[in-house]
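Trainee: I'd like to go over a predicted model; first the sequence, then the structure.
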Amino acid sequence: MQIEILLFGYMTEIVGKSRITLQNIPSTDQLKLQLHRLYPKLKDTPYLIAIDKNIVTENVVLKDNHIIALLPPYAGG
Amino acid sequence: MITDRKPKNIFVQGAIDPHFIAESIRKHHSKTEIGGHSIFLGQVRADILDGKKIVAIEYSCYEEMALEKMHRIREDAFEKYDLTCMHVYHSMGSVESGEICLFIFTSAPHRKAAIEACSEVVERLKAELPIWGKEIFEDQSYQWKENK
């Protein structure tokens, strides 16, 4: 399974891209572990995970067609 | 409540022109059931951090999600308050300090609904819309904006 992840705000600078693809990530907990391995700076960085435009705080099983996004704290207005 | 209101685009490129705001007010003169308007305008502040002045904010967003969340906020406001209409505009891209970056405009037969809805929409917009801002300093260095 391949998942696409959209990045926003300072997440794009830490990762160096606005979109990445990862293989074989079964859940959001695994996603975080994998991200922190690939980009150690994320361990100390606040961010939220959205699946299909909704913030998730608990572990969620990922599916092929999910749209994942990594969002820094909001700063609108 | 099911309505036929569709998600509207709230984003405008660059600063919001005060003439546009004036024109927006003028357009309401035909809606004679309105008895009160409430307007919130957000303006980019020239804060000074470590001796460096902020000269602009560069906004970005997760547009699809932001518009979906804004639609929910709008629907909730119409359900909760007796509103005649509501208009929301937020800047994207670069807005210089002193310029307007947010325009929220609620209208109702009576003032309380207009005032309370406007205030609630400002707070929810700041808390729920995935929007980010880079604060640009005079020397072109920057930091990411944090909402207080």
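Mentor: Thanks, I have the structure now.
Trainee: does any bit of the helix or strand where A:Leu70 lies sit next to chain B?
Mentor: Secondary structure assigned from DSSP states H and E places A:Leu70 in strand A:68-71. Yes: for strand A:68-71, a contact with chain B is found by CB under 8 Å from any CB of the partner chain, at A:69, A:71. Every residue, glycine included, has its C-beta placed from N, CA and C.
Trainee: which helices and strands does that strand pack with?
Mentor: In this structure, strand A:68-71 makes packing contacts with strand A:2-7, strand A:48-51, judged by 3 or more CB pairs under 8 Å, 6 or more residues apart in numbering or on different chains; DSSP states H and E.
Trainee: what's the following helix or strand after the helix or strand of chain B with the lowest mean pLDDT?
Mentor: Counting by mean pLDDT, DSSP states H and E, chain B has its least confident helix or strand at strand B:48-49, which shows a mean of 93. Sequence-wise, the next helix or strand downstream of strand B:48-49 (DSSP H and E) is strand B:52-61.
Trainee: mean confidence (pLDDT) on that next one, please.
Mentor: The average of the pLDDT scores along strand B:52-61 is 98.
Trainee: C-alpha coordinates for the helix or strand that it is followed by, CSV please?
Mentor: Proceeding C-terminally, strand B:52-61 gives way to helix B:63-80 as the next helix or strand, assigned by DSSP H and E. The C-alpha trace of helix B:63-80 is given here as CSV (Å, rounded to 0.1, in the frame of the first residue of the first chain):
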residue,chain,number,x,y,z
GLU,B,63,-7.6,25.3,0.7
GLU,B,64,-9.9,22.3,0.3
MET,B,65,-10.0,21.6,4.0
ALA,B,66,-10.3,25.3,4.9
LEU,B,67,-13.3,25.9,2.6
GLU,B,68,-15.0,22.8,4.0
LYS,B,69,-14.5,23.9,7.6
MET,B,70,-15.6,27.5,6.7
HIS,B,71,-18.7,26.1,5.2
ARG,B,72,-19.5,24.3,8.5
ILE,B,73,-18.9,27.5,10.5
ARG,B,74,-21.2,29.4,8.1
GLU,B,75,-23.9,26.8,8.4
ASP,B,76,-23.6,26.8,12.2
ALA,B,77,-23.9,30.6,12.4
PHE,B,78,-27.0,30.7,10.2
GLU,B,79,-28.6,28.0,12.4
LYS,B,80,-27.7,29.6,15.7
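Trainee: given whichever helix or strand comes after helix B:63-80, what are its sheet partners and their directions?
Mentor: Using DSSP H and E, the next helix or strand after helix B:63-80 towards the C-terminus is strand B:85-96. Sheet pairing of strand B:85-96 (DSSP bridges) gives strand B:11-13 (parallel), strand B:52-61 (antiparallel), strand B:100-108 (antiparallel).
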